[in-house]
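A.B. asks: can't give you the sequence, but here's the structure:
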Ligand code: NDP
């Protein structure tokens, strides 16, 4: 009987990997034995990861972070664009700054890191680009015009990258979580949390590990033929979209 050889450790970058979903993703790759770099503006990376300070709204910081990571771990083979913020309010109260800062972090920030990662992936002729979107990018959400626009923008971006880079064995996919237990959702009032829970077929929020499992699968050999996909991890909330 022949056994399947263990996959080679890879250079993985998770943006926003110091807490929440990004941290769980970084820990899952570390547990597989990959070389993991984590970027964020503040905070600490999980043990075993290379922590690099990087605000994704600043291209110079993105370029500097990639230089540091490439020197320590080699070219990034798996990019997880996860850093994101919310600035929720109803549309008439939404300022230009509320709009611009969310788009700049969630969508343009992901573009900045994906463009930089694509450069070395094209040279390597392989790579996995994974974007953390949200169920609300497909469903829409009152009070989140900026956030939902940024998250659906990631779908168009990933699918375009899938078409542009596919001939070099680079895949681009999206994970669309529903409600996940993190700092982001801890801000919601309990009555809202209960209302959202009632709308979810599985009747609970996701753990960060459940989102990480979809991300590591998309980066695995088993997902080599999956590109341009949007994988929901939402307890059924967005079914049909
Ligand atoms: P958290 O608020 O817990 O963490 C956000 C992360 O993004 C932090 O690591 C933060 O770093 C980083 N970040 C924010 N702005 C920047 C920036 N300008 N430059 C670099 N890093 C930045 O969020 P979650 O873990 O909940 O969310 C992670 C991703 O998952 C986000 O894209 C979010 O939209 C998405 N998501 C979350 C859901 C949820 O229910 N929680 C549901 C669906 C999607 P720092 O600590 O330095 O600020």
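C.D. replies: Received, thanks. Owing to the predicted nature of the structure, the values given are computational and were not obtained by experimental measurement.

A.B. asks: let me know the helix or strand that residue 71 is in.
C.D. replies: helix 59-73 (DSSP states H and E).

A.B. asks: from the chain's centroid, how far away is the following helix or strand past that helix?
C.D. replies: Counting by DSSP H and E, the next helix or strand C-terminal to helix 59-73 is strand 78-81. Centre-to-centre, strand 78-81 and its host chain are 7 Å apart (C-alpha atoms, centre = their mean, to the nearest Å).

A.B. asks: and the very next helix or strand once past strand 78-81 with the ligand, contact?
C.D. replies: Once strand 78-81 ends, the next helix or strand along the chain (criterion: DSSP H and E) is helix 96-102. No: Helix 96-102 lies out of reach of the ligand by C-beta under 6 Å from any ligand atom, never closer than 8.4 Å. In short, each C-beta sits where N, CA and C put it, glycine included.

A.B. asks: quick check: angle from the helix or strand following helix 96-102 to helix 59-73?
C.D. replies: Per DSSP H and E, the first helix or strand lying C-terminal to helix 96-102 is helix 109-124. Going by axes from the mean of the first three to the mean of the last three C-alpha atoms, to 10 degrees, helix 109-124 is angled at 40 degrees with respect to helix 59-73.

A.B. asks: what comes up buried for helix 109-124?
C.D. replies: Neighbour-count burial for helix 109-124 flags 109-114, 116-118, 120-121 (criterion: 16 or more other C-beta atoms under 10 Å).

A.B. asks: columns distance to the ligand and pLDDT on top of those residues, output as CSV?
C.D. replies: Listed next are the buried residues of helix 109-124 as CSV, based on distance: C-beta to the nearest ligand atom, whole Å; pLDDT from 0 to 100:
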residue, distance to the ligand, pLDDT
109, 6, 98
110, 9, 98
111, 13, 98
112, 10, 98
113, 9, 98
114, 14, 98
116, 14, 98
117, 15, 98
118, 19, 98
120, 20, 96
121, 21, 98
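
A.B. asks: perfect, that will be all.
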